[in-house]
Each structure stands twice: as structure tokens, then as C-alpha cells.
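Novice: pasting the sequence and the predicted coordinates here, then a few questions.
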Amino acid sequence: MSRRARLMLFLAGGGGLCALLLLGVADLPPFGGSFHPYRTHAVAAAVSHATSNVVSSVNFDQRGLDTLGEESILLASVIGAATLLRPAKDETERAALGGGRTLESTRFLGYLMMPVTLVIGFDVIAHGHVTPGGGFQGGVVVGTGIHLLYVAGNYPALQRARPLRAFEWGEAIGAGAFACVGLAGIAVAGAFLADMIPTGTFGQLFSGGTVPLLNGAVGVEVASGTAVLLAKFLEQAIMIRPGPGRGRR
Amino acid sequence: MSVYAYVVSVWLLLVGAFGIVRSRNLIHAVLCLSVSQSGTYVLLLAIGYQRGASPPVFGEPATKPTFRVVDPVVQAMTLTDVVVSATVTALLLALAVQIHKRNGTLDPDELRNLQG
């Protein structure tokens, strides 16, 4: 199909879709209104389980099964991307060179910000049930925070600080721990992912029942997954050299 | 004015799809897909918004639980959406790396022939 024909087809289809969507949104409840039936139920359920971050309660308590599916998607796509980014048969890995040209100020800020970023990431994971945040958000902060070493221009140090094997294990352990908490719910309370430990005091660190446990599991998985993904992309760019006969067709 | 935010989400969805159709580079196409997906974030968050309401995060003693908060259910769905979008983007970018290695091009129009 020529580009022109493809564009015409899109304009016809996209125009139709646009008309249908606009008809659809015209009948939605008005923006900013006070009619939110789900909100009312979700807030009541979260408060009854002493979880002060209602979004975390929805994610890890009320719709925990959905989140299990979501983190399986995460696991599957990390495995898929890591598999795709393996070195091919005729490619060679070369050792990464240290140093390179980095501004002193960039290097200083990289080393300075890495521990700060990691602490913030762990804090976001640990308090995900009390304050805004959670395993997904904090995991991304931790997983990317380690890579400030690369920004600081020290790839060999990054390789030492980030044992890839351990992070591959962490990815699997995080995903498995989520499922295990769910199975423990069956054993103790008779339902998958049931809230089976004491819910604690509303607004305190020890509250929310299983929500902080699941937050931690997801945090480990997301941090490891992000680190593995970034490591594979970095290896691709830095260490892998094409074999002979590769490149242009 | 009451449907303005919804129309923005429709616009994002369509302009992202338009970018994919016109794309001459697979990485550009992946980013257009992200633009398209962000239409769903805007739609979900717009549905849950309430004027003058606070975020759905309480904390003794600062804020007592109240029902006057924006809808947490759509916020949780948006979080799911963002995570899935990020992982799909990573997977597609990995595919783009492989395609460039095998074919030496990222232009979808030059990738005509199926290869075994």
C-alpha cells in the first residue's frame, strides 16, 4: 500500500473513530462533577482496612488480582526484552572502558545524588500504603537511581554495583512473593490475596494489612526489572560489537 | 467546557495513531504509540476529577478520611496503564534494535519482505 493510500485509509477510519468518540464523551458525566460512586465505595473499603493511601488500597487490596496480572505483564516484557537484546551468535562482547569524558560537575552530582535517590526510592516503597507512592513508583526510582553511576561516567563501577544475576533473581523473587502472599491468603483467610494479617493503626507505618507486603514485593520486582532492562540496553550500546557481515543489507 | 478534558484525550489518541501511520522510523512509531496511550491517562483522570476535592490519600492527624476526594479507582487504573505502557515501550524498542541489526534500517516502508 502506498503512503498516500495508507493516509487516506487512516483519515477515513480515524475520522469515523473521532466522530464516535466525540459522541461518546458528550454523554459522560460533566468534568469535575461530584458523582463518583466508585470513589465512595473505594474510600470506605480502604478506611475499613486502615490503609490511608486509597490508591494503594485499590491496587493491592481491593483489586489485588489485577495487580498480579499487571506485574506478570511486567515480568513477561522484561524477559522478552532481555531475550531480544542477547548478543547474537556472530556478535562479540568487548570489555567496557572506564572513564571517558565527563564534566567534573556531572560526575560530582552523579555520585552525590545516587545515594539520595536510592533512599528516596526505598522510602517511597516503604511508605506506599501511607503516603503517595508505592512499589511501582519507588521501584522505578531505585532501578534508575543506580544508573546515576553511569551518568557519572563510571560504567565499570555501575557493573560492580549492579550484579545483574542478583537483579534477575530479584525480578523473579518479587513476582513470586506477590503470588505467595496471595496463596497465604487462601491458607489463612480462605481467599486468594485476602487481607490476613492485622490491619494496624490507620495512618501509621504498621497499617494496611497485606498492602505494605505486596508493595515491597512489587518494589523489588520493579526495581530489578528496571535495572535489568536498562542494563540490557546499555550493554547493547556499549559492549556489543556487530560481527562481520552485519549491518546494511 | 465540561467535555474539554475528554476531547483532549480523543485528540491525543488520534494524533498518536496519525503519527504511527505517517512514521518513517520505528522508534518514532513507538513514541507515537506512547502519545496515543497517554490519551487514556487523560480520559481516566478526567473522569475521576472533582472540583475542589483533595487527593485520595489521608493521614492522621493531618487529614481525616473524607469522601470529598477525587476518584482513587481511576487513579489506580492509570497507574496500571502507565506501567504497562512503559514495559510495552521497552519491549518494542528492543524489537527495533533487533530489526535495525538484521535489516540495517528502521524505516517501516523498507521492511517489505517477511523473513523466515
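Specialist: Received it, and whenever you're ready, just let me know what you need.

Novice: residue contacts, residue A:124?
Specialist: Residues in contact with residue A:124, defined by CB atoms under 8 Å, 6 or more residues apart in numbering or on different chains, are A:133-134, A:137-138, A:141. For every residue, glycine as well, the C-beta is placed using N, CA and C.

Novice: okay, buried residues for the host helix or strand of it please.
Specialist: Secondary-structure element containing residue A:124, defined by DSSP states H and E: helix A:104-126. For helix A:104-126, a neighbour-count test (16 or more other CB atoms under 10 Å in any protein chain shown) marks A:110-111, A:114, A:117-118, A:120-122, A:124-126 as buried.

Novice: over to stretch A:45-62?
Specialist: Per 16+ other CB under 10 Å, stretch A:45-62 contains these buried residues: A:46-47, A:49-62.

Novice: mind checking which of these land in strands?
Specialist: Judged by DSSP state E, strands contain none of these.

Novice: from those, which is closest to residue A:170?
Specialist: Residue A:170 lies nearest to residue A:60 out of these, by CB to CB, at 18.9 Å.

Novice: that closest one touches residue A:211, doesn't it?
Specialist: Yes. Using CB atoms under 8 Å, residue A:60 is in contact with residue A:211, at 4.6 Å.

Novice: that older thread, among the contacts of residue A:124, which one has the most neighbours?
Specialist: Scoring those on neighbours with other CB atoms under 10 Å in any protein chain shown, the highest-scoring entry is residue A:134 at 28 neighbours.

Novice: tell me where the chain has helices.
Specialist: Here I'm looking at chain A. Under the criterion DSSP state H, chain A carries helices at the ranges A:3-26, A:37-48, A:54-57, A:64-84, A:104-126, A:135-145, A:148-151, A:155-161, A:164-189, A:211-238.

Novice: correction: the question concerned chain B.
Specialist: Listed in chain order, the helices of chain B (DSSP H) span B:4-22, B:26-48, B:72-103.

Novice: just send those helices back as a markdown table, with mean neighbour count and distance to residue A:235 too.
Specialist: Converted to a markdown table, those look like this (neighbours: other CB atoms under 10 Å in any protein chain shown; distance: least, CB to CB, whole Å):
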| stretch | mean neighbour count | distance to residue A:235 |
| --- | --- | --- |
| helix B:4-22 | 17 | 29 |
| helix B:26-48 | 19 | 18 |
| helix B:72-103 | 20 | 11 |
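
Novice: related to what we said a few turns ago, pick the most deeply packed of the helices of chain A.
Specialist: helix A:54-57 (a mean of 29; mean count of other CB atoms under 10 Å in any protein chain shown).

Novice: average model confidence for that helix?
Specialist: Per-residue pLDDT over helix A:54-57 has a mean of 92.

Novice: out of the buried residues of helix A:104-126, who's nearest chain B?
Specialist: residue A:124 (12.8 Å; CB to the nearest CB).

Novice: export stretch A:48-67 as CSV, just CAs?
Specialist: Once side chains and other backbone atoms are set aside, the C-alpha atoms of stretch A:48-67 remain, and they are given as CSV (Å, rounded to 0.1, in the frame of the first residue of the first chain):
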residue,chain,number,x,y,z
SER,A,48,-12.1,-0.2,56.9
HIS,A,49,-8.7,-1.9,56.2
ALA,A,50,-6.7,1.0,57.8
THR,A,51,-5.0,2.0,54.5
SER,A,52,-4.6,5.7,54.3
ASN,A,53,-3.4,5.8,50.7
VAL,A,54,-6.6,4.8,48.9
VAL,A,55,-4.9,4.3,45.6
SER,A,56,-2.6,1.7,47.1
SER,A,57,-5.6,0.1,48.8
VAL,A,58,-7.3,-0.2,45.4
ASN,A,59,-4.2,-1.6,43.7
PHE,A,60,-3.0,-4.1,46.3
ASP,A,61,-6.1,-4.9,48.4
GLN,A,62,-9.4,-4.3,46.5
ARG,A,63,-8.1,-5.2,43.1
GLY,A,64,-5.0,-7.2,44.0
LEU,A,65,-5.7,-9.8,41.4
ASP,A,66,-5.5,-7.2,38.7
THR,A,67,-2.1,-6.1,40.0
